[in-house]
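Peer 1: Predicted coordinates and the sequence they were generated for:
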Protein chains: 2
Amino acid sequence: MNSSNRISKLFGCTLPVVQGGMVWCSGWRLASAVSNAGGLGLLGAGSMHPETLREHIRRCRAATPHPFGVNVPLMYPQIEEIMQMIVDESVSIVFTSAGSPAKWTSWLKERGITVVHVVSSARFAQKAEEAGVDAIVAEGFEAGGHNGREETTTLCLLPAVRRATTLPLIAAGGIIGGESVLAAIALGADGVQLGTRFALTEESSADTEFKRYCLNLEEGDTKQLLDKLSPVRLVKGTFRNQVEEAEARGASVDEMRELLGKGRAKQGIFLGDLEKGELEIGQGASLLKGKEIQTVAEVMNDLKKEYEEALHSLKEKLS
Amino acid sequence: MNSSNRISKLFGCTLPVVQGGMVWCSGWRLASAVSNAGGLGLLGAGSMHPETLREHIRRCRAATPHPFGVNVPLMYPQIEEIMQMIVDESVSIVFTSAGSPAKWTSWLKERGITVVHVVSSARFAQKAEEAGVDAIVAEGFEAGGHNGREETTTLCLLPAVRRATTLPLIAAGGIIGGESVLAAIALGADGVQLGTRFALTEESSADTEFKRYCLNLEEGDTKQLLDKLSPVRLVKGTFRNQVEEAEARGASVDEMRELLGKGRAKQGIFLGDLEKGELEIGQGASLLKGKEIQTVAEVMNDLKKEYEEALHSLKEKLS
């Protein structure tokens, strides 16, 4: 948890803590706050038009003197346009996800950009290394939103990825408190990426109602569903009930696609429609139950404190 | 990982390593080998008639001077009979699972038996503490066989259970190599329970073909299914394909029950029928890919070595 760490060095930040580039949460306010607090903030391009992202990049740069990055899902519709814009705006760090890194990694690296790819398996980690990425995020089944079909949890995924590559490794999925940061390092990670915890901060673009709802979840309140389309971890609620009911009766791919419709994640996360919206958050949200909506600076301070406590407790146990 | 640990002390063994009491794997050969290697061996009552279990208890006692225990699923059909027999045979440690610990915990404790209950949530951990258990196993979604409906992974479960109770805590689900043992301790566990790794040893009662098959699994080859009956982690194969096909078309509970039939786990695990059998193993099996079938002593030695390596590597990273 310091600046001499491989991940801190790679990104030029104080702490090896990355904030996930999440749809409808990760705008310039969140990313700049995380970078200002010593971590690496990421803008989430997945829910932005190219020109919206350009504005967020410029505002983020104005709001922090520290490095920040952009997360680009590789199935982004105007991928050529957005990648060119990212280069034009002199972004220095790009995280790619949800697609093959083969095409874009070398293109970005030729333009001097540090490239990190998000994977859900050791096999994909090897492919990312072959593509020439600088670091890997290994994201387990616990994570909110879209996940791998393998359903491999962070506990099983990290040792597998650690064996598959010597690249700097960032753990994601279920990283909530300081003890999970320590566990991730024990499992072979060099740094961590937190989505859920930052999605529910003051600076996140998510609607306040969504944040409050997610800060009151119990164990078992999120579930990975929609396997017939693309597996995604959903929060309990009206829309998820419809999904579960449809899946239980064996609804077809077309029916599921119609049920999902368009813009549901925006409706739920950004507009706070807890009834009709698609609500995405990580499984670890229930570990935050009862917390207030905190600022990023408060979360970072708490995380450091929790980590030190976990380390102290581990040392005591091992002495 | 030593005898002054809370779990080692509670059971009177050298290492805080428990071998899961698994159906069709955990007979006297496996349990006594684990106890002889310094851990706590458990007989798995779930797949034994009361008189079969009595024989295994007697043979286990003859095969090791060290403590061992019995795992009893609380939905066991002749539960009164088997509990009385366990007392009559002077078993000193009982792990209960798959049911409410309210009824049997005090009955066992009045008879001088150390009682441990297996839970899949912090809520159940609290109930187990209220029932008076001596320790808790928190078993995550990664585990083979029957699991909780919450689908909470070990990474998210352990911190939640650690907050809910101060009782000695044993981590299970995805505990495969030494780095996962260290991670479990970092997450608040005092000891670990390994199922998968011991199920695939020489001394396990499982069929050799089953063991070889499970030692060649890839990432994503196990999946939690059969939610309409009781969620269970299944290995890829003919029977699982049938389950997935039935679930995708929305088969009813009755249809699923008929498809499952009777005795499929025995057929798969014990008799080695990889076609028609129900094959159960933990998600972490793919981390063992390519290993030979080892003896329990070899596994214990490797585990200690891996753990020391993980600890050394963690200390280096934190220095």
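Peer 2: Received the coordinates, thanks. Numbering: from 1, shown residues only, chains lettered A, B, ... in the order given.
Peer 1: Domain map for chain A?
Peer 2: Chain A resolves into domains spanning A:14-206+A:288-313, A:208-285 when parsed by automatic domain parsing.
Peer 1: got CSV for those domains, with distance to B:Asn216 too?
Peer 2: (Each C-beta comes from the backbone N, C-alpha and C, glycine too.) What follows is those, written out as CSV (distance: least, C-beta to C-beta, whole Å):
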stretch, distance to B:Asn216
domain A:14-206+A:288-313, 15
domain A:208-285, 25
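Peer 1: show me what contacts the closest residue to chain B within the stretch 1-150 of chain A?
Peer 2: The minimum distance from the stretch 1-150 of chain A to chain B, using C-beta to the nearest C-beta, falls at A:Glu150 (3.2 Å). The contact partners of A:Glu150, by C-beta atoms under 8 Å, 6 or more residues apart in numbering or on different chains, come to A:Ser120, A:Ser121, B:Glu219, B:Gly220.
Peer 1: Save those residues as JSON lines, and put in secondary structure, neighbour count and distance to A:Phe239 too.
Peer 2: As requested, those are exported to JSON lines (DSSP: H, G, I helix; E, B strand; the rest coil; neighbours: other C-beta atoms under 10 Å in any protein chain shown; distance: C-beta to C-beta, whole Å):
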{"residue": "A:Ser120", "secondary structure": "coil", "neighbour count": "29", "distance to A:Phe239": "24"}
{"residue": "A:Ser121", "secondary structure": "coil", "neighbour count": "21", "distance to A:Phe239": "29"}
{"residue": "B:Glu219", "secondary structure": "coil", "neighbour count": "23", "distance to A:Phe239": "30"}
{"residue": "B:Gly220", "secondary structure": "coil", "neighbour count": "17", "distance to A:Phe239": "27"}
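Peer 1: could I get these as TSV with pLDDT?
Peer 2: Conversion of these to TSV gives the following (pLDDT from 0 to 100):
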residue	pLDDT
A:Ser120	98
A:Ser121	98
B:Glu219	97
B:Gly220	97
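Peer 1: wait, which of the residues you listed is closest to B:Lys305?
Peer 2: B:Glu219 (24.0 Å; C-beta to C-beta).
Peer 1: ok, now how distant is that closest one from chain A?
Peer 2: When distance is defined by C-beta to the nearest C-beta, to the nearest Å, B:Glu219 is 5 Å away from chain A.
Peer 1: where does that residue sit relative to B:Arg58, distance-wise?
Peer 2: When distances are taken as C-beta to C-beta, to the nearest Å, B:Glu219 and B:Arg58 turn out to be 41 Å apart.
Peer 1: A:Gln224 in helix, strand or coil?
Peer 2: Here A:Gln224 takes the strand state, with states given by DSSP: H, G, I helix; E, B strand; the rest coil.
Peer 1: For it, give me its contacts.
Peer 2: Counting by C-beta under 8 Å, 6+ apart, A:Gln224 makes contact with A:Phe141, A:Asn147, A:Glu151, A:Pro231, A:Val232, A:Arg233, A:Leu234, B:Glu151.
Peer 1: which of the domains of chain A sits most buried?
Peer 2: Among those, domain A:14-206+A:288-313 has the highest mean neighbour count (mean count of other C-beta atoms under 10 Å in any protein chain shown), at a mean of 22.
Peer 1: okay, how far is it across it, tip to tip?
Peer 2: End-to-end span of domain A:14-206+A:288-313 (C-alpha to C-alpha, to the nearest Å): 24 Å.
Peer 1: before we move on, the earlier item: just the contacts of A:Gln224: which are in strands?
Peer 2: A:Val232, A:Arg233, A:Leu234 (DSSP state E).
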